[in-house]
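*Asks:* Here you go, sequence then predicted model.
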Amino acid sequence: MTLTKANIVDAIHNDLGFPKNRSAELIEILLEQIKSTLEKGEDVLISGFGKFCIKNKKERRGRNPATGDDMMLSQRQVVTFRCSHLLREKINGR
């Protein structure tokens, strides 16, 4: 099952007893803060979870999968995630 924003809102509502609309508001504030920080080019570090970083990708040659035509892919920025060792150990059952 995929964890959705609605699932997180329900969990906050059930675990902390916040009203659903306040729980949704808190999640929106958190996500907006993460987005604005990444937009500025800064990293987001959540201790015990991981780090979101912006990486610059250079212009490169690519291929249109539908037509097979060669094309140049423009320079761009992508968000990467690197999980903490604690999360990695939890996932791997250690």
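*Replies:* Arrived safely.

*Asks:* Can you pull the domain assignment for this protein?
*Replies:* 1-40, 43-94 (automatic domain parsing).

*Asks:* want to throw those domains into JSON lines with mean neighbour count?
*Replies:* From N, CA and C alone the C-beta is placed, and that goes for glycine too. Converted to JSON lines, the domains of the chain look like this (neighbours: other Cβ atoms under 10 Å):
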{"stretch": "domain 1-40", "mean neighbour count": "12"}
{"stretch": "domain 43-94", "mean neighbour count": "11"}
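
*Asks:* can you list these in JSON lines and add mean pLDDT?
*Replies:* Listed next are those as JSON lines, based on pLDDT from 0 to 100:
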{"stretch": "domain 1-40", "mean pLDDT": "94"}
{"stretch": "domain 43-94", "mean pLDDT": "94"}
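
*Asks:* The longest helix anywhere in the chain packs against which elements?
*Replies:* Counting residues, the longest helix found in the chain (DSSP state H) is helix 20-39. Helices and strands touching helix 20-39, by 3 or more Cβ pairs under 8 Å, 6 or more residues apart in numbering; DSSP states H and E, are helix 5-16, strand 44-46, strand 50-57.

*Asks:* so what strands line up beside the shortest one?
*Replies:* Spelled out, that is strand 44-46. Take DSSP bridges as the rule and strand 44-46 pairs in its sheet with strand 50-57 (antiparallel).
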